[in-house]
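K.L.:
Predicted model, plus sequence, below.
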Amino acid sequence: MSSNVQTSGMGNGKQNFRIRPSNAPSDGIFAHQGQPVLTFELPNSNVLLDPSKLRLVGKYRIKPGTLNEIQAGDKIRLDQYLGINSCFENVAWSSKMSRSVIEKVNNYPKLINSIRPALSSTQNYQSNLQVESIATQNLDYGDNAFGAPAFGNGGVAVGVEFCTSIFTGLTMASGNRLPLMKLGGLMLSIDLAPNEAVFTCDNNALNPQYELYDLSLTGEYLIPSAEERGALAGMESGEVEMNTFTSLFSILQSSQHNSVFNLGIRELVSVYFSFVPANYINNYANNQYQCMRISSNVTGGAATSEQVTKVNFLRNGAQMPFLFDLDVLDDSNEAQLQRYYLMSLKKLTDINRTAIDSNINDVRTAIGSTGFTQTSTNQMNVLNKENYVLGVPYDMLGNYSGADFSNQPLTITVDSNLSDASPNAMYLYALAKTMVSYSPSGISVRS
Amino acid sequence: MELPEELRFENMSTPHSATLHTVKTQPVSFSQQQVRFEVPRQGILNSTAIIEWSFKSKNSTQGHNFPLGVGCLANIERAVLSTQSGRVIMDNRNFAEKQVCEEVFRDAEYSHFLARYLNLSNSTFAYTGPRESTGSNACVRFSGEPKDVIGVAAPYGRRWSTPKIINLGGLDSPSGTNHAVPTAIQQVRVSLQQLFPFLYGVQLPVNIMEQLYIDIYWKQDDAIGKVVVKRGTEAYVHEAGTVRQEDCFFLSDHIVYDDPAVMDKISAQQEAQGGLSFSYKDYVVQVISSLAPTDPTIQQYERELGCSNYKLTDIRNIELKTVAGSPLELLGRYYSDGDNNRSIQLSLNDANFNPDNNNTQMENYNSLSELYDVKPYIPRPMYSNSNGEDDGPVPNGLQVLALGGQLFNGKNQLRNVAGKLNLLGYNLQDDTGRPFQMGNTPVRLFYKKTQGGIGAYQPQETITEGSLQYYFIGYMRSFQVAPSGRVVTSEYD
């Protein structure tokens, strides 16, 4: 080009940017067995950031040489609702200068599966989520396009491009322009997931590994006018309101389960949680990122789905937000539980599309077979689209003003038909309003 | 100058009772080149007006459709809204090509249900079921009628599962079972809002404006894929199909408020302000034809697109193969070629819009998706062949299982449609909707196309053909309605 001036003084201040990882190894390849941490630094300059426009861009491939044992017809799959986001285990936002953590999401793929399928439609999985995140809602299609057949015997060194949104509270639900200088810049840190968690294979001789390369963080700054820049620079202290997720973990192992979480959150907006058999975690035979029902008879890759019979949410021992038990009738479609789960995501009247329905989550057929049996084979069946999540809202009016859990524990009781003490991993997320205060001495984060 | 709320398309603070008069108008002139309608000067022209017509291809048999992406809009070369005194409010050239960038923003429900009753397009997709593909049941195809038998071509000479309801030859009699050549002719329609998009936001007080005319210039059915595409094994048809005058109408709804005070208020505001000012978005078109590069692995060029001092809202691009724009079987000449990696860099006010000109295809899709609130409904295999040789999203590997060859019903005949909705687009407005103010310099464009997968890995196609590119540049402009009713247009807002 004839010019590379970055801002012109006219226009409207919109300026796209691309930032490369700040910790790239010499070959530029990030992998769990290699360089497993990915860091981007957004500068502390006098610009405004629209966090909803941030995209993680790069290429994904199966590492050459890790598919040598592949046989014709073998399946190697990414989770159908996650796509490339299967590769990101933990995601954290912090101030670049002070390193104060603003938001940290552990088990990031489980968070996405707790939100995205319910708020997207199948059309999204056939267009934007498929193009950008290689999330297809179709296991066979994903397998052919991004799994074993795509990479062939031994894998090849040409990758699949992606350009995915970042699903954190700061980027999804905040809706603010962030003054980067006041926050001391921002740092995005991503821990990559183990290969065993990312892939599901039907041939136990296979140990595929993934690699990410050509990575960058893209987005959009708003360059303030000269007057606005002066005004921004003159603001010595202030507060920015954000929404952030807190991630928690527990194990459900009994028919009358009780989890107590000390959240320390002043304005809790909603909570949601999901289950997966604990032995599905970190092995190639099963998909640990799928949100499943409570399971019993967990042996090997097999398990039996069990029904939840009652759920209760308590603050300090008193029922809240509901003053009644959430009872489930035997063999019912659990309409009440699903209603409150959807309400925890958005106002019901605002939910006009979803990729999840009662058929997909029907306990009898959810995982691609009749009966209640989960097996490795059923998990890889194209008919398996189950995504079963529970949750409740605390901002009943949908205005993001929540309940005070700063000094009071959240207790969740789940009654189910589980009778054999099979361990079920329970992933819980709390969405809360967070205040980030900035001053000449740095920033402080207050939940 | 604020418009009265009665003229804006929004909920009013004080609703008034009104009578809606629906008028069906015949053309004041009609030919196979052009049709002109006179807009009735009655009340306020509601935004629901439509234009209807029918098109009869020479062989109106079962195998002929409008191009599946844009439907009957392929029949419109240009749409002009002008006044009695010769002022042109909007002159939409290359209208049909522009619709490639618009129709993909319809959601599946609209495309699958409504569009078939409006414009006979079928731009919607679905995963194939296990009974519809021999090689793999994980393809994406145009939705429509399922194949009857696994792996065997669909009946009636069709190889594709396009629904019969969009057939130009019309449908069989509901009671009939004979599937041979129907002779009916289907009527199609386009809304005035789609012809002149600023009507999505405002309603024109035609009773106090000078006489308005709508001119539509028909696209001539004189080349393959311009108006009609083939279907099944039949030959292409482009043999001077005709627009039928007897089916050509302008249907408009006119709001007349029962209380004369409301209309008086609009007139009074017009008087008080010295006229009513309408700010609206228009677009200019630049067509660039480029020859094949000497180096078949890369093509780059720089062009000026004009638009000095304009307030820009967006820019969009489609690319057809060959300098004349070659057609495709299903999409006709209404597609955008994505066989190779394409990227655009813009220099606006001598500053680069993007940090580099190496945007990947998936970044391009992301930029495109910011044009509207609705995401473009383009499956990945349709968007680009960015990674491998004519095999859709597959980076490389087994061609037998490649998706490009199995886009629709598992058969290979449509692999040339893979990657053929590779639209590029940039929203130039900021997050509050402010347009981008250009200075005295023109928009400069830097275009780059590269062959991906070079080297030991199976490469994409080499760049051995030229291309025909359309750039649609949106900008804000305005027109004023003087107290006398005279319309004055301005290139600037």
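P.N.:
Perfect, I can see it now.
K.L.:
Quick one: low-confidence residue ranges for the chain.
P.N.:
I went with chain A, as the question did not name one. A:1-9, A:148-158, A:175, A:368-372, A:398-400 (pLDDT under 70).
K.L.:
wrong chain, I was asking about chain B
P.N.:
Using pLDDT under 70, the flagged stretches of chain B are B:1-2, B:9-11, B:58-63, B:126-164, B:169-184, B:230-239, B:385-417, B:453-459.
K.L.:
what about the helices in it?
P.N.:
Using DSSP state H, the helices found in chain B span residues B:95-103, B:108-109, B:115-118, B:192-195, B:260-272, B:361-368, B:380-383.
K.L.:
so who does residue A:96 touch?
P.N.:
Listed by CB atoms under 8 Å, 6 or more residues apart in numbering or on different chains, the contact set of residue A:96 reads A:41, A:42, A:43, A:44, A:184, A:185, A:186, A:187. Just so you know, the C-beta spots here come from the backbone N, C-alpha and C atoms, and that holds for glycine as well.
K.L.:
Near the nearest residue to the fourth one once chain neighbours are set aside, how many residues? Count them for me, please.
P.N.:
Distances taken as CB to CB, 6 or more residues apart in numbering or on different chains place residue A:185 nearest to residue A:44, at 3.6 Å, with adjacent residues excluded. A count of nearby residues for residue A:185, using other CB atoms under 10 Å in any protein chain shown, gives 18.
K.L.:
phi, psi of residue A:185?
P.N.:
Backbone geometry at residue A:185, expressed as degrees, to the nearest 10, gives phi 80, psi 170.
K.L.:
Kindly report the same for the one 5 residues further on.
P.N.:
Residue A:190 adopts backbone torsions of phi -120, psi 130, taken as degrees, to the nearest 10.
K.L.:
nearest residue to residue B:258 other than its sequence neighbours?
P.N.:
Closest to residue B:258 by CB to CB, 6+ apart is residue B:17, at 4.7 Å.
K.L.:
Domain parsing of chain B, as residue ranges.
P.N.:
B:1-122+B:162-272, B:279-384+B:419-478 (automatic domain parsing).
K.L.:
what about the ones you listed, which gets the closest to residue A:161?
P.N.:
Shortest distance between residue A:161 and the domains of chain B, using CB to CB, is found for domain B:279-384+B:419-478: 4.5 Å.
K.L.:
can you pull the contacts of residue B:216?
P.N.:
Neighbours of residue B:216 in contact, by CB under 8 Å, 6+ apart: B:34, B:35, B:51, B:76, B:78, B:79, B:80, B:195.
K.L.:
where along chain A do the helices fall?
P.N.:
A:108-119, A:122-125, A:128-133, A:139-146, A:148-151, A:169-172, A:180-183, A:195-198, A:226-234, A:335-345, A:376-379.
K.L.:
could these be laid out in JSON lines, adding mean neighbour count and distance to residue B:267?
P.N.:
Converted to JSON lines, the helices of chain A look like this (neighbours: other CB atoms under 10 Å in any protein chain shown; distance: least, CB to CB, whole Å):
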{"stretch": "helix A:108-119", "mean neighbour count": "25", "distance to residue B:267": "47"}
{"stretch": "helix A:122-125", "mean neighbour count": "24", "distance to residue B:267": "46"}
{"stretch": "helix A:128-133", "mean neighbour count": "26", "distance to residue B:267": "47"}
{"stretch": "helix A:139-146", "mean neighbour count": "27", "distance to residue B:267": "60"}
{"stretch": "helix A:148-151", "mean neighbour count": "28", "distance to residue B:267": "66"}
{"stretch": "helix A:169-172", "mean neighbour count": "22", "distance to residue B:267": "48"}
{"stretch": "helix A:180-183", "mean neighbour count": "22", "distance to residue B:267": "51"}
{"stretch": "helix A:195-198", "mean neighbour count": "23", "distance to residue B:267": "68"}
{"stretch": "helix A:226-234", "mean neighbour count": "11", "distance to residue B:267": "41"}
{"stretch": "helix A:335-345", "mean neighbour count": "19", "distance to residue B:267": "49"}
{"stretch": "helix A:376-379", "mean neighbour count": "20", "distance to residue B:267": "70"}
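K.L.:
can you list those helices in TSV and add distance to chain B?
P.N.:
Output for the helices of chain A, formatted as TSV (distance: least, CB to the nearest CB, whole Å):
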stretch	distance to chain B
helix A:108-119	13
helix A:122-125	5
helix A:128-133	4
helix A:139-146	3
helix A:148-151	4
helix A:169-172	14
helix A:180-183	15
helix A:195-198	17
helix A:226-234	13
helix A:335-345	19
helix A:376-379	16
